[in-house]
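In: take this sequence and fold it.
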Amino acid sequence: MFYAIMATDVPDSLSARMGARPDHLARLHVLQDQGRLLLAGPLPAVDSEDPGSAGFTGSLVVAEFASLADAQAWADADPYVAAGVYQQVTIKPFKRVFPA
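Out: Numbering: from 1, shown residues only. Sure, this is the predicted structure:
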């Protein structure tokens with residue numbers, strides 16, 4: 001089943017985010033290579049593809065896991081969590097309808 005991992009950043013997270021980004025992306029590449037990643041990306045703090053120093057307010061990952069517990073364990077091990085980027089992470093089951 002797919003799960004939506006919705007994370008909210010702490011204020012002024014850009015520096016910590018950029019430091020942990022390579023390891024964060026490496027984990028996402030593993031999910032992608034396994035065919036389990038539906039989509040992933042950051043949430044810009046301003047209405048722009050490149051928010052510059054405004055940074056990001058969080059992230060969204062939608063990926064396939066065997067269970068909610070597995071999705072939670074994966075999210076708990078995220079380098080952004082270890083680096084203190086995220087202040088809150090919410091995980092919910094996600095039912096893909098579109099694209100069909």
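In: quick one: contacts of the longest helix along the chain?
Out: In the chain, with assignment by DSSP state H, the single longest helix is helix 14-33. In this structure, residues lying in contact with helix 14-33 by CB atoms under 8 Å, 6 or more residues apart in numbering are 9-10, 37, 40, 42, 53, 55-56, 61, 63, 74, 77-80, 82-85. Where C-beta positions appear, they are placed from N, C-alpha and C, glycine not excepted.
In: hey, where'd the strands end up in this structure?
Out: Ranges of strands within the chain are 2-9, 37-44, 56-64, 86-94, based on DSSP state E.
In: distance to S15 added to the ones you listed, as JSON lines?
Out: Shown next, in JSON lines, are those (distance: least, CB to CB, whole Å):
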{"stretch": "strand 2-9", "distance to S15": "11"}
{"stretch": "strand 37-44", "distance to S15": "14"}
{"stretch": "strand 56-64", "distance to S15": "12"}
{"stretch": "strand 86-94", "distance to S15": "14"}
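In: any chance of TSV for those strands, columns mean neighbour count, mean pLDDT and distance to R21?
Out: TSV is the format used below for the strands of the chain (neighbours: other CB atoms under 10 Å; pLDDT from 0 to 100; distance: least, CB to CB, whole Å):
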stretch	mean neighbour count	mean pLDDT	distance to R21
strand 2-9	20	98	13
strand 37-44	15	98	9
strand 56-64	19	98	11
strand 86-94	14	98	13
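In: once you drop chain neighbours, what's closest to Y3?
Out: Take Y3 and drop its neighbours on the chain: the residue closest to it by CB to CB, 6 or more residues apart in numbering is A71, 3.9 Å away.
In: and the gap between the one you found and G19?
Out: 25 Å (CB to CB, to the nearest Å).
In: more neighbours, those two?
Out: Between A71 and G19, A71 has the larger neighbour count (other CB atoms under 10 Å), namely 23 against 14.
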